[in-house]
Every structure is written in structure tokens, then in C-alpha cells.
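Asker: Here is my input, please return the structure:
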Amino acid sequence: MKTNSHNRAEYLLSLLVSVLLAFLVGGIIMIATGHNPLEGYAALFTGAFGNQRAIGNTLYKSFQLCMTGLATAVASQGGIFNVGGEGQMYLGALASCWLGAVLTGQSPWLVLPLCMLAAIAAGALYALIPALLKIKMHISEVITTILMNSIAIYFCTYMANGPLKTSERGVSQGTAALDKVFQFSKIIKGSNLTESVFYIAAITLLVWYLMSSTTTGFRMKLTGQNERFAIFSGLRASTLGILGMLISGAMCGMLGMFECFGLQTRFKPDFSSEFYFDGMLVAMIMRYRPLGTILMSFFFGILKIGSITMQSKTGISSELILIVQSIIIFFMAAEEGILNNLRKRRAARMATGVITKGGDEASITHD
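Answerer: The predicted structure is shown next:
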């Protein structure tokens, strides 16, 4: 019987092979389009680590993916697949920016915690709706969260361009600007890395600890793996599912606030480039394991930021990195089936060898 460490090692090996194969396919595409793959990948990593600005952007993107990935993972551990993080993020961003603009002139020691609570409440309460629909009425959360994404995004866009639209000159859309004392300062000038990463890092550690080292996390994991068994074991699966979605929605709401208070300085309808879905893919690749999600977030962050420089320096389209990511996802999705097939073939060969050997021994004994 295989141990957890053996399964983990087997999975990591499969992931490494998938990454290498994806880079190999990417290199073949570069050659086919008249580009040098060594130059392309060199530009990719230079774009991610070539200077302080690049390092700052890579770190920020990685932390961003880390938080969205863990938000997906914690909901999935509770047995609910949260596809609505984008909408929860929009509502958290709008609520916090609106409150921050209303409280202009007040102490940041008062305003920032209140804005964070507003973002948490907006994201968590919006995530509660599909959770209750799934648990009470057995309505697919995938459908409801996807539809609720559109509702939240259109609502926030209407509010930012209508009732809450700023009257500042030169600003075509968005809410009023946040007071400078409320904004997160940049750690590396010219980059996207702001003081918000300290909050993200703290939240990441808390969620990782919850999912990996607490009884609640273990119960949520058991519920996500086999809800029926969890119910028969006496666990309150519905409560754990709701808890997972509340935490997930709260994390998305906070990330919306961090994005606006750190980079946008106000709520804008286009503040997100759908980066929740990138984090969701990271979590899916790592099977919603918290530590793996954190590590893979940094790898995807390198690809995302480095691809911009790769395109500008070598002319290789940054869309190639999307192909690389898709190939990794494809191989990891097929990993279980491929490994099972290889195990069956190996078992069949071993069984054939045993039968052949047994037949030879019987023949010798008969002689």
C-alpha cells in the first residue's frame, strides 16, 4: 500500500515532467515560427528577475495568484467549487473604496481596518449565497457563481460610472480617489509591489495553517474528498462547506481592496484582468493542496511577468506562455489516467513473467 509521501513524490515527479514537456513544446513552436528557444526562455527569466522592478512585479503577481489560488482551495476543501471569486473581488473592492472615500480626513488607523472589514463582509456575504443554494436546494455552485460574477461586475461598473462616479476632471470612470494616507506605499519604486504583500503573506500563512495543521482544516478536507463519508462520521458537512465559502469570499474581497488601495488609488471597473481565474487554475493543478498552490503560484508569476519582456525583446508572442500553461494543465489533468494505465501494464507484465516462470519450473520438475 502506498504511503502519502510516496504519492506526493509521484505527483511532484509528474508535475516536473509536465513542466519540462510544456517547455519542450513551447521551444518547438518557437523554432517552427523562426525564433531561437534559448533566446526566448532567456528573455523570459530576464523579464522576471532582470532588475529590481522585474523582481517586484514578479513577487506581486505571485502573491496575487497565491491568494486567489488558496481562496479556491479552501472552498474546494469544504466541498464547494468557488468560480465566483472575480465577482466577490469586485464587490470587496467597491465597498472598501466607497467607505475609504467617505471617511476621507480620518485617521488611517481607523479607516484601513474598517475598509478591510467592509471588503471581507462584501466578499463573504456574496459567496454565502451560492453556498446556501447548493446546500439547501442542491443547485450547482458552478452555475450560480459564474452567473453571479456577471451580476457583481455589471453592478460595480454601473455604480462606478453612475451614482458613485467621481467628479474629478480628467477621470472618465471610477469612484473618488482615496486619500494618500490610506494608500499602500510601493516597496520597490516603478514596480507593482506594495505594502499590501505583507497582508497577503500573513493571510496566506493563516490559511495554510488552517488547512494543514488544524482539526477544522482536516474536517474540511475530509468533507471535500467524500461528503457522504464525512456525514456518516458525524461531521456537519454543510457547516464546513459554508465556512469554506465564507473564507474564500472574504479572501477575494480583501484582494480587491489590496489591488485598489495599492495600485489603482480608486475603484475602476477594469481594475481586474480576471486574475482570479489564473489562481484558480494554479489551485486545480496542485489539487487544492495549500503548499503546492503557494509554490506553483510563484512559477506562474514568473511566466506571467517574464512573458511580457520575452515578447518585447524577441518578438515571441506572450500568448506562447498561455500555451505552455495549458499544456501543463492538460498533462496534469491526464496524469492520474496515465499513471493508472502504466501501473496496469506493469502489473500485467509482472503477472505474465510469474506465469511464465511458474510454467518453466513445472516443466523442469516433470522432466
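
Asker: Helix, strand or coil: sort out His223 for me.
Answerer: Heads up, residue 223 is Thr, not His. helix (DSSP: H, G, I helix; E, B strand; the rest coil).

Asker: dump the residue contacts of it.
Answerer: Taking CB atoms under 8 Å, 6 or more residues apart in numbering, we find Thr223 in contact with 77-79, 230, 235, 237, 240-241. Using the backbone N, CA and C atoms, a C-beta is placed for each residue, glycine as well.

Asker: Helices of the stretch 201-350 of the chain, residue ranges please.
Answerer: All helices of the stretch 201-350 of the chain, identified by DSSP state H, counting those that start in this stretch, fall at 215-225, 227-232, 237-259, 275-285, 290-314, 319-366.

Asker: and Ala101, which of those helices is closest to it?
Answerer: Checking these against Ala101 by CB to CB gives helix 237-259 as the closest, at 12.9 Å.

Asker: what about the closest one, average pLDDT?
Answerer: Here helix 237-259 scores 92 as its mean pLDDT.

Asker: same check, this time on stretch 67-82
Answerer: Computed over stretch 67-82, the average pLDDT equals 90.

Asker: residue ranges with poor pLDDT in the chain?
Answerer: Scanning the chain with the threshold set as pLDDT under 70 gives 1-8, 10, 333-343, 353-367.

Asker: One more pass at 80, please.
Answerer: The chain contains residues with pLDDT under 80 at 1-15, 18, 167, 169-172, 222-237, 273, 318, 325, 327-367.

Asker: hang on, the earlier thing: and the two most separated of the contacts of Thr223?
Answerer: Within the contacts of Thr223 (distances taken as CB to CB), the two that end up farthest apart are Gln77 and Leu235, at 12.7 Å.

Asker: Including distance to Tyr158, could the helices of the stretch 201-350 of the chain go into TSV?
Answerer: Putting the helices of the stretch 201-350 of the chain into TSV (distance: least, CB to CB, whole Å) gives the following:
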stretch	distance to Tyr158
helix 215-225	36
helix 227-232	38
helix 237-259	17
helix 275-285	21
helix 290-314	30
helix 319-366	31
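
Asker: Deepest-packed of these, please.
Answerer: helix 237-259 (a mean of 27; mean count of other CB atoms under 10 Å).

Asker: in the helix or strand encompassing Gln88, what's buried?
Answerer: According to DSSP states H and E, Gln88 maps onto helix 85-102. Residues 85-101 are the ones in helix 85-102 that count as buried (16 or more other CB atoms under 10 Å).

Asker: Stretch 204-211 too?
Answerer: 204, 207-208, 210-211.

Asker: related to what we said a few turns ago, Gln77 and Leu235: who's more crowded?
Answerer: Between Gln77 and Leu235, Gln77 has the larger neighbour count (other CB atoms under 10 Å), namely 28 against 17.

Asker: distance of that one from Met89?
Answerer: 20 Å (CB to CB, to the nearest Å).

Asker: contacting residues for Ile308?
Answerer: Contact analysis of Ile308 by CB under 8 Å, 6+ apart lists 47, 318.

Asker: Was I right to think Thr144 contacts Ile129?
Answerer: Yes. Thr144 is in contact with Ile129 according to CB atoms under 8 Å; the separation is 7.4 Å.

Asker: who has more neighbours, these two?
Answerer: Legend: neighbour count by other CB under 10 Å for Thr144 and Ile129, higher for Thr144 (19 against 16).

Asker: ok, now which ones touch the more buried one?
Answerer: Thr144 neighbours (CB under 8 Å, 6+ apart): 84, 129-130, 133-134.

Asker: Name the member of these with the most neighbours.
Answerer: Result: Gly84 is most packed of the contacts of Thr144 (other CB under 10 Å), 31 neighbours.

Asker: So it sits against Ala127, correct?
Answerer: Yes. Counting by CB under 8 Å, Gly84 touches Ala127, with 6.6 Å between them.

Asker: now stretch 184-197, how far from the centre of its chain.
Answerer: Distance of stretch 184-197 from the chain centroid (CA atoms, centre = their mean, to the nearest Å) equals 21 Å.

Asker: quick one on the thing from earlier: among the contacts of Thr144, name the ones in helices.
Answerer: 129-130, 133-134 (DSSP state H).

Asker: Check those residues and tell me the two furthest apart.
Answerer: Across the ones in helices among the contacts of Thr144 (CB to CB), the longest gap, 9.9 Å, separates Ile129 and Lys134.

Asker: Need the residues touching each of Gly84 and Ala127.
Answerer: Gly249.

Asker: ok, now which ones touch Ser248?
Answerer: Counting by CB under 8 Å, 6+ apart, Ser248 has contacts 71-72, 74-75, 82, 85, 88, 127.

Asker: Also Ile146?
Answerer: Ile146 touches 83-84, counting by CB under 8 Å, 6+ apart.

Asker: Please determine how far it is located from Phe277.
Answerer: From Ile146 to Phe277 the distance is 11 Å (CB to CB).

Asker: Please identify the buried residues of the helix or strand encompassing Leu24?
Answerer: Under DSSP H and E, the secondary-structure element containing Leu24 is helix 4-32. Judged by neighbour count using 16+ other CB under 10 Å, the buried positions of helix 4-32 are 11, 14-15, 18-19, 22-23, 25-27, 29-30.

Asker: Can you tell me which of the residues you listed is nearest Thr293?
Answerer: For the buried residues of helix 4-32, the nearest to Thr293 is Leu15 (12.2 Å; CB to CB).

Asker: shouldn't the closest one be in contact with Leu295?
Answerer: No. Judged on CB under 8 Å, Leu15 makes no contact with Leu295 at a distance of 9.7 Å.

Asker: Not counting residues beside it along the chain, what's closest to Gln64?
Answerer: Phe275 (5.8 Å; CB to CB, 6 or more residues apart in numbering).
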